[in-house]
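Participant: Sequence and predicted structure below; questions after.
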Amino acid sequence: MTTRIPVAVLGATGLVGQEFVRRLEEHPWFELVAVGASERSTGRPYGDALRHRSCDPRPVTCDLTISPCTPDAIDAPIVFSALDGAVAGPIGEAFARAGAFVVSNARNHRLDDDVPLLIPEVNADHLELIERQRAVRGWSGAIVTNPNCATAVICLALAPLHQAFGLREVWVTTLQAVSGAGYPGVPSLDILGNVVPWIDGEEEKIVRESRKILGGRAHPGEFGVSAQVTRVPVEHGHTACIAARFARRVTTVEATSALREWRSAVADLGLPSAPTTPLRVRAEQDRPQPRRDVDRGDGMTVSVGRVREDGNGGIRLVALGHNLVRGAAGAALLNAELCVSALPALAGPAKIPASEERWPSG
Ligand code: NAP
């Protein structure tokens, strides 16, 4: 029998937390040993503490009791944080100080210049920042973050084009699902039959995070980003309508082949949450659509369609990804798998196939 690495989930009762718990049930490398949430939930059996039960056909089963989110109460070398951003910062720091590897979904620390903001397929080499982080902050643990859910979709769609042609300007308009707002999220009377052209702080996150991710090793990319966001009455799946200009004129054929032929930097590492196809290019005129495409690759594939010239030398396209999976729990699991693969010491006595390549470059 192989030993798995003990892991914990903070904020385990929320929408993202439940997705973590579901995905960890049969994870080949990680074993869920503790779940944490707020005082409201502490001491209750996990199933009883859930405020919202998703309609996912795979029910969440977990017989753990909710612990307080403190390193005294939760002891695991890897801690996933699905905490509300209002509390995630200091709690994550306390775990890192106590020696844990904190893999966080929350907005806190994403833009710190010693914290990796990772999409493994795109910028795995940003993991190098951990060494600087430990030196600067004097802790033995670490904090690694994944991007805002819309940014994850946008950056995966743009990475092949940026690598091939060099981005100069990006304009993006998003149509974001209600599950992106957590639970209870947007009031039903505000969103049913409606579109809300505002999500607090989201446009700034897209602008700043995408420049950090697509730039070289935490230096912001030298391209402009203009973002407009909307909340739409879709359950899961953020859509991004993107227009981009590059260092030179790019044709539809060139852009399509760059997207189709793109190979992820971590494709050969055997990471369990890595989809076979991180980016799927669709030829149909009316795809991608949330209802039809959001679960592709178990929610980890970003679907891209309507790739076409804009008439001024640039390219337009539409990208779609699952906000709770590629934009949150699945992304963080993939980040943790990359960390274990690149830092074998993190696996401890667990039997994890280690990678030869330490910092795969994007
Ligand atoms: P959510 O449904 O509102 O869940 C929030 C979680 O945080 C719950 O488990 C809650 O526990 C816990 N919590 C709140 N206050 C706490 C406190 N003082 N101490 C300890 N735990 C506390 O939110 P979510 O949508 O799952 O999002 C979780 C995080 O991921 C947020 O930072 C969010 O910005 C980020 N994120 C979300 C998405 C998405 O698509 N939803 C995508 C990317 C990133 P109780 O149940 O006990 O209150």
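Facilitator: Received the coordinates, thanks. This one's a predicted model, so the numbers in the text were calculated from it and none came from an experiment.

Participant: interface residues of the stretch 151-300 of the chain facing the ligand?
Facilitator: Neighbours of the ligand within the stretch 151-300 of the chain, by CB under 6 Å from any ligand atom: 179-180, 182-183. Where you see a C-beta, it was placed from the backbone N, CA and C, and this is true even at glycine.

Participant: Show me where the stretch 1-150 of the chain has its strands.
Facilitator: 5-10, 30-37, 66-68, 78-81, 101-104, 142-145 (DSSP state E, counting those that start in this stretch).

Participant: Relative to the ligand, which of those strands is closest?
Facilitator: strand 30-37 (3.4 Å; CB to the nearest ligand atom).

Participant: pLDDT averaged over that closest one, what's the number?
Facilitator: Averaged across strand 30-37, pLDDT comes to 98.

Participant: State the pLDDT value of residue 218.
Facilitator: 52.

Participant: Oops, could you answer that again for residue 61 instead?
Facilitator: 84.

Participant: All further residue positions should be reported with the first residue as 56.
Facilitator: OK, 56 is where the count begins now, so the last one is residue 116.

Participant: Let me know the distance separating it from the ligand.
Facilitator: According to CB to the nearest ligand atom, to the nearest Å, residue 116 stands 17 Å off from the ligand.

Participant: Give me the phi and psi angles of that residue.
Facilitator: Residue 116 has phi and psi values of phi -120, psi 130 when expressed as degrees, to the nearest 10.

Participant: contacting residues around it?
Facilitator: 80, 102 (CB atoms under 8 Å, 6 or more residues apart in numbering).

Participant: Run through the protein and note the low-pLDDT ranges.
Facilitator: 56-57, 110, 271-274, 408-417 (pLDDT under 70).

Participant: longest single helix anywhere in it?
Facilitator: The helix that spans the most residues within the chain, counting by DSSP state H, is helix 204-220.

Participant: what comes up buried for that one?
Facilitator: 204-217, 219-220 (16 or more other CB atoms under 10 Å).

Participant: Near residue 247, how many other residues are there?
Facilitator: 10 (other CB atoms under 10 Å).

Participant: Need the nearest residue in space to it, chain neighbours excluded.
Facilitator: Among residues not flanking residue 247 along the chain, residue 288 sits closest, at 5.9 Å (CB to CB, 6 or more residues apart in numbering).

Participant: same deal with residue 162?
Facilitator: Leaving aside its sequence neighbours, residue 162 sits nearest to residue 140 (CB to CB, 6+ apart; 4.6 Å).

Participant: I figured the one you found hits residue 164, correct?
Facilitator: No: contact between residue 140 and residue 164 fails when scored by CB atoms under 8 Å: they sit 10.4 Å apart.

Participant: Give me the more crowded residue out of those two.
Facilitator: Between residue 140 and residue 164, counted using other CB under 10 Å, the more crowded position is residue 164 (22 against 13).

Participant: Just put the strands of the stretch 56-205 of the chain in TSV and tack on distance to the ligand.
Facilitator: Below are the strands of the stretch 56-205 of the chain laid out as TSV (distance: least, CB to the nearest ligand atom, whole Å):
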stretch	distance to the ligand
strand 60-65	7
strand 85-92	3
strand 121-123	7
strand 133-136	8
strand 156-159	8
strand 197-200	10
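
Participant: Take those and lay them out in JSON lines including distance to residue 268 and mean neighbour count.
Facilitator: Shown next, in JSON lines, are the strands of the stretch 56-205 of the chain (distance: least, CB to CB, whole Å; neighbours: other CB atoms under 10 Å):
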{"stretch": "strand 60-65", "distance to residue 268": "24", "mean neighbour count": "26"}
{"stretch": "strand 85-92", "distance to residue 268": "24", "mean neighbour count": "22"}
{"stretch": "strand 121-123", "distance to residue 268": "33", "mean neighbour count": "20"}
{"stretch": "strand 133-136", "distance to residue 268": "19", "mean neighbour count": "28"}
{"stretch": "strand 156-159", "distance to residue 268": "15", "mean neighbour count": "28"}
{"stretch": "strand 197-200", "distance to residue 268": "11", "mean neighbour count": "26"}
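
Participant: Looking at these, spot the one closest to residue 248.
Facilitator: Ranking the strands of the stretch 56-205 of the chain by their distance to residue 248 (criterion: CB to CB) puts strand 85-92 first, at 33.0 Å.

Participant: now that closest one, how far from the centre of its chain.
Facilitator: Going by CA atoms, centre = their mean, to the nearest Å, the spacing between the C-alpha centre of strand 85-92 and its chain's C-alpha centre is 19 Å.

Participant: Specify the angle between it and strand 60-65 in degrees.
Facilitator: 20 degrees (axes from the mean of the first three to the mean of the last three CA atoms, to 10 degrees).

Participant: helices and strands around strand 85-92, which ones?
Facilitator: Judged by 3 or more CB pairs under 8 Å, 6 or more residues apart in numbering; DSSP states H and E, the packing partners of strand 85-92 are strand 60-65, helix 70-79, strand 121-123.

Participant: Ramachandran coordinates for the residue in the stretch 106-255 of the chain positioned nearest to the ligand?
Facilitator: Evaluated by CB to the nearest ligand atom, the stretch 106-255 of the chain has residue 237 as its residue closest to the ligand, separated by 2.9 Å. Reported as degrees, to the nearest 10, the phi and psi values for residue 237 are phi 70, psi -170.

Participant: my read: residue 381 touches residue 350, true?
Facilitator: No: using CB under 8 Å, residue 381 is not in contact with residue 350; the gap is 10.6 Å.

Participant: more crowded one of those two?
Facilitator: residue 381 (31 against 16).

Participant: returning to that earlier point: compute the inter-axis angle for the longest helix of the chain and helix 70-79.
Facilitator: 70 degrees.
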